[in-house]
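[1] My questions concern the predicted model and sequence given below.
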Amino acid sequence: MDIPAPLHVLLIEDSPEDRADIRQMLLRGSQRHYKFTETETGAAGVRAIFLHPDNPPDCVLLDCHLPDMDAFEVLAAMRRGGEQTVCPVVVVTGTLESGAEVIRAGAQDYVGKAWATPDSLTRAIENATERYALRRELLLNHAALRESQNFLQRVMEVAPGVIHVFDLKQQRFVFVSQAVASVVGYSPEEIMAGGSELVATLMHPEDLPRLAEHLQRVRTLGDDEHATFEQRVRTKSGEWRWFQNRVSVFARDAAGHPRQAIGAALDITERKRVEETIAQNAALFAKIIEQAPGGVYVIDAQFRVRDVNTEALPAFAAVQPVIGREFGEVMETLWGPELGREITTIFRRTLETGERYVSPRFDHLRHDIGVEQVYDWETQRITLPDGQHGVVCYFQDVTARDRAAEARRVSEERYRALVTASSAAVYRMSSDWSEMHQLNGLDFVVDTTAPSVNWVEEYLYPEDQPQVLAVIREAIRTKSHFEMEHRVRRVDGGVGWTSSHAIPLLNAKGEIIEWFGAAKDITARKQAEQARYEMERNYQALAVASFEIAYRMSADWSTMLPLNGRELVKSTDKPVANWEWLEQNIPREEHPRVRQAISDAIAGKTLFELEHRILRPDGSIAWTLSRAVPILDENGAVITWFGAASDITERKAAEEALREAKEAAEAANRSKDRFLAALSHELRTPLTPVLLVSEVRAKSKKLSKDLREDFEMIHRNIVLEAQLIDDLLDVSRIQQGKMRFDFKLVNVHEAIARALAMLRYEVEEKEMAVRQELGATPATLEADPARLRQVLCNLLRNAVKFTPRGGTITLHTVRDQSALHISIADTGAGIAAEDLERIFHPFEQVDAQQTSEHRSLGLGLAISAAIVAAHRGRIWA
């Protein structure tokens, strides 16, 4: 029989006699063994409990009133902010009322000192440990439940598709995950509120009949089985989307029948579209193979026969069924081992390299039937509907009609060669041109899908039809080459130009059996010709009407065409060598620049543009701005250059005068800056002792009040004078680029407070109110503290200066992602819009503010703007 381990009881009781009584009662009240730990204070008891946090006492007997703590404080310490104490607690109390309070405070039970007995004390400890264990288990279960719920939520968030629970009896959704909103547009609440009518409303009518069969299948599922159902659902926007629904049993009723099903609905719309495309491609591929002229069969990537059209089947009569057979085996059966391997090698080369193979005349003995047969055949690599490469073989059995089909064979070969190699549209016409057999338009004109007898109306431009038909009739009559340039309807619906050529194919009797032709797109050439014609006409008009001189150059600028130079340059009445003209009409020192600009324009086929001097007919020097553009043909080659030359002599003279004036102004400014710097330094030095003496005298108690006030007034005015000189020095530093900054982390709100403190006297003197709306968080930035304070003082001093007595100044700060904004507003007269930019320039002030009271040099805002710019900021009004 296992002996239970002693119950570890911690006695927290300040009375040794009471501790002894409790031990005796516990030993008498139960056969169980005990291990006692005793403390006399609450603090010592708490330390004993947490001395071994992984192995606390089995139970704590706690006196309600201890010398240092009461039971409530000990219970709070044992909880450590949690819902439960670290071990069971029984409180020894004096009254029933306090017993109820300690239970609410976290104790598991209590006993009264006055009525405690061995039995009651033993039961209290047993009840406490049992309640504690049950409570602990409950909390653990709650935590596990919350963790399970969180886990389920995370699973639903990352799981593909929409998780849902469907009630099989009520025929409605009782749970839908949030993912439903992103795929169908309805919220989970809208889906669940839709009731039993929702399924019939949202599901595609063609899929509804299969739903009953699917639900019946779900009702027969075992616990480890699932059912899959694919259906279309109409989204909130009206679009139909495909979903694959995989479900299993979620809950059963008392009889064990499925009551609810849980599933995941995955959007498979794109997969369905791909499947449909593949199916359509496969069907189209099979149709093309079946309808292709002659015998056609296809070999797949595994080198097995994949498709054979009806016309090709007789050739494979000896190897039925042929579909799925290994191609090499089929060829050796039909043509014998040696020739079969040779044919197989050709097919493999086509599959591996993509090189088309056209067989020469193929005249061999069939190994399977012992008869010699003649075939025309070729192979090409193609992409199959499943995305893999395969080889298609086109063949014609020409054995029985070899001689009669010779002309047709040549015709087909030539046409295929034209289609493959030609850059022009290729067409085939009947002998009398009444029917177009075939046309490959090459994105120039529309391809034919079938022979057409309406080709004249479909392709020829109406105004050109009579001339084209007349040339065709003459070509038929003479059995000669057809050649003509005419307009056609382009594939995009527009009008294009083509150069069309066709030759007749004759039989042995000299009769025309068909026409082969090619139509080249010459639209660009025709447009270029028209453009050149228009440009030539415009050039003639420009040369007559323009104030500028129009000129033309040959493609390589070697020749200048006749030129009307007006009064700017000497005219020419016939083409002249360009370099000869340059020598005679452009000053020699300009020649290198002119020649280089011409060479650059020719090399890049780009605009020629140059300002240069030129000799007038009277021998004087003038300035001209010459521009010329290249005219290109349809192949991008330069045909000629069109240019215009403007007389800019007056503009050049004005620019020279402006340059000289600018240099004079800049020299004056530099002299002024040096004077201001020297003046400011010489004035600032003698002011320093005067500032110190006036400040000391203004605060001296030995002088009378009147004298102190006089010194205070002197000090104030000298401070203003010193500030003015400092501003001049700052302007000098700014203009010389010598203003220094010491960047560090600055609290803008503290800087504002210091600036306001410095201006407190002026604000109070004018009885002004200051509102602070400092909302920037955080309010720190990298700045020079002294310079930032200087900017704030300048702005605040202006606000105080130009705001009437009793007005209001408002400071506002706000922070966005990229910057900290500081704004200062006042109730003064304001500044006109046209002056807002000017006030930030040195020595600039608004005229309306230049009263004797407000007159200054206008440097504060200019200095502030320079400081803010150095901080990579912006200041504006």
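    Right, received. Where do you want to start? All values reported here derive from a predicted model rather than from experimental measurement.
[2] Trp515 and Glu457, how far apart?
    Applying CB to CB, to the nearest Å, the value for Trp515 to Glu457 is 19 Å. Using the backbone N, CA and C atoms, a C-beta is placed for each residue, glycine as well.
[3] okay, those two: which has more neighbours?
    Each of Trp515 and Glu457 has its neighbours counted (other CB atoms under 10 Å); Trp515 has more, 22 against 11.
[4] Please, which helix or strand holds that one?
    strand 512-521 (DSSP states H and E).
[5] mind listing what that strand pairs with, with the direction of each?
    Based on DSSP bridges, the pairing partners of strand 512-521 within the sheet are strand 425-429 (antiparallel), strand 495-506 (antiparallel).
[6] next one: stretch 113-127 to chain centre, how far?
    74 Å (CA atoms, centre = their mean, to the nearest Å).
[7] and Arg754, helix, strand or coil?
    Secondary structure assignment for Arg754 (DSSP: H, G, I helix; E, B strand; the rest coil): helix.
[8] what's around it, how many residues?
    Other residues close to Arg754 by other CB under 10 Å number 13.
[9] likewise Val468?
    20.
[10] re the thing from before, quick check: which of the strands paired with strand 512-521 is buried the most?
    Ranked by mean neighbour count, the strands paired with strand 512-521 are led by strand 425-429 with a mean of 23 (mean count of other CB atoms under 10 Å).
[11] Run through who's touching the strand holding Trp515.
    407, 411, 414-415, 418, 422-431, 433, 437, 444-445, 476, 479, 482, 488, 496-507 (CB atoms under 8 Å, 6 or more residues apart in numbering).
[12] For that strand, give the mean pLDDT please.
    Averaging pLDDT along strand 512-521 yields 88.
[13] cool, and stretch 794-806?
    Computed over stretch 794-806, the average pLDDT equals 90.
[14] Please identify the buried residues of it?
    Asn794, Leu795, Leu796, Arg797, Asn798, Ala799, Val800, Lys801, Phe802, Thr803 (16 or more other CB atoms under 10 Å).
[15] Please tell me how far the second one sits from Gly860.
    When distance is defined by CB to CB, Leu795 is 8 Å away from Gly860.
[16] got it, and Asp21?
    89 Å.
[17] Compare those two and say which is more crowded by neighbours.
    The neighbour comparison of Asp21 against Gly860 (other CB under 10 Å) goes to Gly860, with 24 against 15.
[18] ok, so what distance separates that one from Gly238?
    Distance from Gly860 to Gly238, by CB to CB: 66 Å.
[19] Next: Lys509.
    67 Å.
[20] Outside of stretch 165-172 itself, list whatever touches it.
    Contacts for stretch 165-172 (CB under 8 Å, 6+ apart): 173-176, 192, 194-196, 198-199, 215, 218-219, 247, 250, 258-263.
[21] 7 Å - rerun?
    173-175, 195-196, 198-199, 215, 218-219, 250, 258-263 (CB atoms under 7 Å, 6 or more residues apart in numbering).
[22] Show the buried residues in these.
    Judged by 16+ other CB under 10 Å, buried ones among the contacts of stretch 165-172: 173, 175, 198-199, 215, 218, 250, 258-263.
[23] Adding distance to Ser98, write those out as a markdown table.
    Listed next are the buried ones among the contacts of stretch 165-172 as a markdown table, based on distance: CB to CB, whole Å:
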| residue | distance to Ser98 |
| --- | --- |
| Phe173 | 55 |
| Phe175 | 49 |
| Leu198 | 60 |
| Val199 | 63 |
| Leu215 | 64 |
| Val218 | 61 |
| Phe250 | 51 |
| Pro258 | 57 |
| Arg259 | 52 |
| Gln260 | 52 |
| Ala261 | 57 |
| Ile262 | 53 |
| Gly263 | 58 |
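[24] Counting only strands, which of those make the cut?
    Phe173, Phe175, Phe250, Pro258, Arg259, Gln260, Ala261, Ile262, Gly263 (DSSP state E).
[25] Quick one: residues contacting the third one.
    Pointing back at Phe250 there. Contacts of Phe250 by CB under 7 Å, 6+ apart are Val165, Gln260, Ala261, Ile262.
[26] Tell me the one among those nearest to Val453.
    Ala261 (63.4 Å; CB to CB).
[27] Report the residue ranges of every domain in this structure.
    Dividing the chain into domains by automatic domain parsing, as the record does, gives the ranges 7-142, 159-267, 274-402, 410-521, 527-647, 649-738, 740-870.
[28] which one of those has the lowest average pLDDT?
    Taking the mean pLDDT of the domains of the chain, domain 649-738 comes last: a mean of 73.
[29] one step back: could you dump the domains of the chain into TSV with distance to Ala877 added?
    Below are the domains of the chain laid out as TSV (distance: least, CB to CB, whole Å):
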stretch	distance to Ala877
domain 7-142	56
domain 159-267	49
domain 274-402	63
domain 410-521	57
domain 527-647	41
domain 649-738	18
domain 740-870	5
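[30] do you know which of these lies nearest Trp876?
    Using CB to CB, these put domain 740-870 closest to Trp876, at 7.4 Å.
[31] Quick one: distance of that closest one to the chain centre.
    The answer for domain 740-870 is 41 Å, by CA atoms, centre = their mean.
[32] next one: stretch 62-70
    68 Å.
[33] Could you tell me the end-to-end distance of that stretch?
    9 Å (CA to CA, to the nearest Å).
[34] Give me the contacts around stretch 206-215.
    Leu168, Val199, Ala200, Met203, Ala227, Phe229, Gln231, Arg232.
[35] Sort out for me which of those are in strands.
    Using DSSP E, the contacts of stretch 206-215 in strands are Ala227, Phe229, Gln231, Arg232.
[36] can I get those in JSON lines with distance to Ala124 and neighbour count?
    Formatted as JSON lines, those follow (distance: CB to CB, whole Å; neighbours: other CB atoms under 10 Å):
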{"residue": "Ala227", "distance to Ala124": "58", "neighbour count": "19"}
{"residue": "Phe229", "distance to Ala124": "62", "neighbour count": "19"}
{"residue": "Gln231", "distance to Ala124": "65", "neighbour count": "20"}
{"residue": "Arg232", "distance to Ala124": "69", "neighbour count": "17"}
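[37] Output those as CSV; include the columns distance to Val89.
    CSV is the format used below for the ones in strands among the contacts of stretch 206-215 (distance: CB to CB, whole Å):
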residue, distance to Val89
Ala227, 56
Phe229, 59
Gln231, 61
Arg232, 65
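[38] check contacts around Thr122.
    So Thr122 contacts Leu26, Gly29, Ser30 (CB under 7 Å, 6+ apart).
[39] for these, which one is nearest His591?
    Looking across the contacts of Thr122 and measuring by CB to CB, the closest to His591 is Leu26, at 123.2 Å.
[40] what are the phi and psi values for the closest one?
    phi -60, psi -40 (degrees, to the nearest 10).
[41] Give me the neighbour count for it.
    Leu26, neighbours per other CB under 10 Å, totals 20.
[42] wait, it sits on Tyr34?
    Yes. Look at Leu26 against Tyr34 with CB atoms under 7 Å: they come within range, at 5.7 Å.
[43] give the contact list for Arg271.
    So Arg271 contacts nothing (CB under 7 Å, 6+ apart).
[44] can you pull the pLDDT of it?
    84.
[45] Just the element for it, please.
    Using DSSP H and E, Arg271 falls in helix 269-291.
[46] Just the CA trace of the next helix or strand after that helix, in CSV.
    Tracing the chain C-terminally past helix 269-291 and defining elements by DSSP H and E, one meets strand 295-299 next. C-alpha atoms of strand 295-299 as CSV (Å, rounded to 0.1, in the frame of the first residue of the first chain):
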residue,chain,number,x,y,z
GLY,A,295,-2.6,13.3,-94.6
VAL,A,296,-1.5,14.7,-91.2
TYR,A,297,-0.2,13.0,-88.1
VAL,A,298,1.3,14.3,-84.9
ILE,A,299,4.1,12.8,-82.7
